[in-house]
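Pasting the sequence and the predicted coordinates here, then a few questions.
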Amino acid sequence: MSEQLRRTRIIATLGPATDAPGMLKQVLEEGVDVVRLNFSHGNADDHRARAAVVRAVAAELGREVAILGDLQGPKIRVEKFAEGAIHLEAGAAFTLDCRVDAAPGDKRRVGVGYRGLWRDIKAGDRLLLDDGMIVMDVESIADEQVHCRVVLGGRLSDRKGINRQGGGLTVAALSDKDRRDITLAAELGVEFLAVSFVKNAQDVELTRSLLRKAGGEAAIVAKIERAEAIAALGEIIDASDVVMVARGDLGVEIGDAELPGLQKKIIRESLERSRAVITATQMMQSMVDSPIPTRAEVLDVANAVIDGTDAVMLSQETASGKHPEKAVAAMRRVCLGAERQFEPSIDFGPTLRSLDRTDQAIALAAMFLAGRVGVRAIVALTESGATARWLSRHRSSVPIYALSRNAAARRRMLLFRDVYPIEFDPHDVGPMLAAREAIQHLFSLGHLAENDRVILTTGDHTGQLGGTNTLKLLRVGPDGMAEGLGDL
């Protein structure tokens, strides 16, 4: 019980590096809570195989691990080059050919996957290719071809992305591939499904509708990576279950100088609107090759933790890096260090402005009380995980043990900061006996000790969705027996 509990969750992307024998088990043992299947790479059978291994290894380790499926989205890319790659010199002319019959690329031109690109831009626009590694200015547009001048040159290879500085590209929210992958996500039973290049709330709602029709129950993650999403941030957050600060394309579209402030804004607004939030992209990029992170990367991760992010994500570091397990271990150490140095302060203002559910009111009362009477933990008996979600929106140093018999709900709760989901089935007993059994269960697991004071939230009918309406202050007695200090 003296060991520090990590509050911030870690997401790791699976790929060839984690396919190595025994590697997935190592990264899970180092502290991964959620694994990411990146649908931009690999085929359906690859994802099926990885999902099956995740479930099997998690069962072997006797712990919960959630799966996040990440849709590729309508990223605008160049097509293929005749000889695999070219080198562009600053000052050279280069054409992006949007015609259906565009020939394989060379040093002068290349085809574009998004045929409508020429309609979305105008002379004077700046285009950024390969995440900003190559920069071009648009000089003219004619015959579905975009004629550019290279400002910053470099190596350009097949299928690299194209962004317009400032955003404004109108490509559809979901591609045909995305729609197929939504069906795959439902088949795999993923706990989270991420929507790439979200522009507005309708993009999120369309994805949820298609997923539900396919039989999937995953929570929807909105990836904020387009300039247009910033203008519609509030409606996107409200429509989503989880928000991801996807800093790669977002940084390209809005500029690096604006990115730090926007990251803080997205985290703050997500918490105020009671949504979980993930910070992602290049958090420990040097560890693709290096066994240790840079000091700048350590500070980047720590700042996201201090800002209140629920989770931090590793991408290429674990998918194709040389040291996946070391990257996870480094992330875990940095999270723990940042959490030790900064005690969270609770701001009840945002929740008070949007208090419209009984379980929200109980969660608010529990957190208010926890900060004033000195308790060891908050224990939430929850069916769907909603109460744990409301509790986790208020940052505190008190662990939240969320007890549920619903395996899918427990895995979804793995993304909530400060929440530790635990399997518990009250067997349809009354709330009084369920509360006693819950405290004894946590005592037997070593999470509670005699004389600990805890706050317990439950409902009049155990196992009922959205039924949390009761708060109790209890003391742990001998052998884990709960002793009442009074109903509140």
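Done, it's in. Everything numeric in this text was worked out from a predicted model, so none of it was measured.

who does the closest residue to residue 78 other than its chain neighbours bridge with?
Of all residues beyond its chain neighbours, the one nearest residue 78 is residue 110 (4.7 Å), with distances taken as C-beta to C-beta, 6 or more residues apart in numbering. Where you see a C-beta, it was placed from the backbone N, CA and C, and this is true even at glycine. With DSSP bridges as the criterion, residue 110 is bridged to residue 96.

Per-residue pLDDT of residue 110, please?
Note for residue 110: predicted pLDDT of 98.

just for this structure, where's the confidence low?
1-2, 344-355, 428-429, 460-466, 484-488 (pLDDT under 70).

Neighbouring strands - and their directions - for the host helix or strand of residue 420?
Per DSSP states H and E: residue 420 is located in strand 419-423. Strand 419-423 pairs in its sheet with strand 400-404 (parallel), by DSSP bridges.

picking up where we left off before, and the residue nearest to residue 78, what does it touch?
Applying C-beta atoms under 8 Å, 6 or more residues apart in numbering, we find residue 110 in contact with 78, 79, 81, 94, 95, 96, 97, 102, 156.

Within the helices and strands, which one has the fourth one?
Under DSSP H and E, the secondary-structure element containing residue 94 is strand 93-97.

again with the last one
Using DSSP H and E, residue 156 maps to strand 154-157.

Next, the buried residues of that strand.
residue 156 (16 or more other C-beta atoms under 10 Å).

picking that back up, how far away is the residue nearest to residue 78 from residue 174?
Using C-beta to C-beta, to the nearest Å, we find residue 110 at a distance of 25 Å from residue 174.

next one: residue 270
Applying C-beta to C-beta to residue 270 and residue 174 gives a distance of 23 Å.

next one: residue 137
31 Å.

neighbour-wise, which of these two wins?
residue 174 (20 against 14; other C-beta atoms under 10 Å).

So that one sits against residue 39, correct?
No - with contact defined as C-beta atoms under 8 Å, residue 174 does not count as touching residue 39 (11.8 Å).

shared neighbours, these two?
By C-beta under 8 Å, 6+ apart, the residues touching both residue 174 and residue 39 are residue 71.

residues near residue 151, how many?
Neighbour tally, residue 151, other C-beta under 10 Å: 14.

which one is it nearest to, not counting chain neighbours?
Going by C-beta to C-beta, 6+ apart, residue 151 has residue 135 as its nearest residue, at 4.3 Å.

Just confirm that neighbour is within a strand.
Yes - the assignment for residue 135 by DSSP: H, G, I helix; E, B strand; the rest coil puts it in a strand.

how deep is it tucked in, by neighbour count?
20.

so what's it up against?
Residue 135 neighbours (C-beta under 8 Å, 6+ apart): 126, 127, 128, 129, 150, 151, 152.

ChimeraX command for the buried members of those residues?
Buried residues among these (16+ other C-beta under 10 Å), as a ChimeraX selection:
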select :127,128,129,150
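
Just give the nearest non-adjacent residue to residue 109, would you?
residue 95 (3.9 Å).

again but with residue 160, I slipped
Nearest one to residue 160, counting by C-beta to C-beta, 6+ apart, is residue 130 at 4.1 Å.

so what's the one you found up against?
Per C-beta under 8 Å, 6+ apart, neighbours of residue 130: 154, 156, 160, 161.

can you list the residues you listed in TSV and add distance to residue 208?
TSV is the format used below for the contacts of residue 130 (distance: C-beta to C-beta, whole Å):
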residue	distance to residue 208
154	39
156	37
160	31
161	26
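
Farthest pair within those?
154 and 161 (14.1 Å; C-beta to C-beta).

per the record, what domains does the chain have?
Per automatic domain parsing, the structural domains of the chain span 9-73+173-338, 85-164, 349-487.

need these in CSV with distance to residue 3, can you?
Converted to CSV, these look like this (distance: least, C-beta to C-beta, whole Å):
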stretch, distance to residue 3
domain 9-73+173-338, 10
domain 85-164, 39
domain 349-487, 10
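
Keeping just the C-alphas, turn stretch 407-421 into CSV.
Taking C-alpha atoms only, stretch 407-421 is exported to CSV below (Å, rounded to 0.1, in the frame of the first residue of the first chain):
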residue,chain,number,x,y,z
ALA,A,407,-15.6,-6.3,-18.0
ALA,A,408,-16.1,-3.8,-20.9
ALA,A,409,-16.9,-1.0,-18.5
ARG,A,410,-13.8,-1.8,-16.4
ARG,A,411,-11.6,-1.7,-19.5
ARG,A,412,-13.1,1.7,-20.6
MET,A,413,-12.4,3.1,-17.1
LEU,A,414,-8.7,2.3,-17.7
LEU,A,415,-8.5,5.7,-19.5
PHE,A,416,-9.7,7.7,-16.5
ARG,A,417,-7.0,9.4,-14.5
ASP,A,418,-7.0,8.4,-10.8
VAL,A,419,-9.4,5.5,-11.4
TYR,A,420,-8.4,1.8,-10.7
PRO,A,421,-11.1,-0.5,-12.0
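
Check which residues of that stretch are buried.
Applying 16+ other C-beta under 10 Å to stretch 407-421 flags 408-421 as buried.

Same list (those) but as CSV, adding distance to residue 314 and secondary structure.
Shown next, in CSV, are the buried residues of stretch 407-421 (distance: C-beta to C-beta, whole Å; DSSP: H, G, I helix; E, B strand; the rest coil):
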residue, distance to residue 314, secondary structure
408, 24, helix
409, 25, helix
410, 23, helix
411, 19, helix
412, 20, helix
413, 21, helix
414, 16, helix
415, 15, helix
416, 19, coil
417, 17, coil
418, 21, coil
419, 21, strand
420, 21, strand
421, 22, strand
